[in-house]
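Trainee: turn this into a structure:
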Amino acid sequence: MSQAEPFMPPSVKQYGITTKKSLTFPLLIISLTSENPAYDDRFLANYATINLVDALARISGVGEVKLLGSSDYAMRVWVKPDIMSKLDITLKMLQKPCRIRM
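Mentor: Numbering: from 1, shown residues only. You can find the predicted model right below:
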């Protein structure tokens, strides 16, 4: 780490760097599945992100929890500037509720 630090941007140095020792192989792999077609891979990955990852990581002795092969939900918001102007709504006003939901 000490060799790489001089080459890091100031913002990275200011934020801080955390290192962890870990094994090169997993000790436990858990697979989430569902027979209900409403619960697809993306739903199950999102469920694990929200409900399992932090809870498992807090267990004493657990070094790291990773989700493999999953993708997060994303949201794209299209706005109509003319209508926003008529309603006196700014982008800042839209960003706040979006950030709260994340």
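
Trainee: pass me the low-pLDDT residue ranges in this protein, would you?
Mentor: Scanning the chain for pLDDT under 70 picks out 1, 101-102.

Trainee: show me where it has its helices.
Mentor: Secondary structure of the chain (DSSP state H): helices located at 10-15, 41-51, 53-57, 81-86, 91-101.

Trainee: buried deepest among those, which one?
Mentor: Mean neighbour count, computed with mean count of other Cβ atoms under 10 Å, is highest for helix 41-51 among the helices of the chain, reaching a mean of 14. Quick note: C-beta positions are derived from backbone N, CA and C, even for glycine.

Trainee: can you tell me which helices and strands it packs against?
Mentor: Where contact means 3 or more Cβ pairs under 8 Å, 6 or more residues apart in numbering; DSSP states H and E, helix 41-51 is not packed against any helix or strand.

Trainee: of all residues in the chain, which one is nearest the centre?
Mentor: D72 (7.0 Å; Cα atoms, centre = their mean).

Trainee: ok, now which ones touch it?
Mentor: Residues near D72 by Cβ atoms under 8 Å, 6 or more residues apart in numbering: A45, N46, T49.

Trainee: columns distance to V77 on top of those, output as JSON lines?
Mentor: Below are these laid out as JSON lines (distance: Cβ to Cβ, whole Å):
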{"residue": "A45", "distance to V77": "22"}
{"residue": "N46", "distance to V77": "19"}
{"residue": "T49", "distance to V77": "21"}
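
Trainee: K21: which of these is nearest?
Mentor: Taking Cβ to Cβ as the measure, K21 lies nearest T49 of the contacts of D72, at 24.3 Å.

Trainee: sorry, back to before: make TSV out of the helices of the chain and add distance to S31.
Mentor: Converted to TSV, the helices of the chain look like this (distance: least, Cβ to Cβ, whole Å):
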stretch	distance to S31
helix 10-15	34
helix 41-51	9
helix 53-57	14
helix 81-86	45
helix 91-101	29
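
Trainee: of all the ones you listed, which lies closest to A4?
Mentor: For A4, the closest of these is helix 10-15, at 10.0 Å, according to Cβ to Cβ.

Trainee: who's in contact with that closest one?
Mentor: Here helix 10-15 makes contact (Cβ under 8 Å, 6+ apart) with E5.
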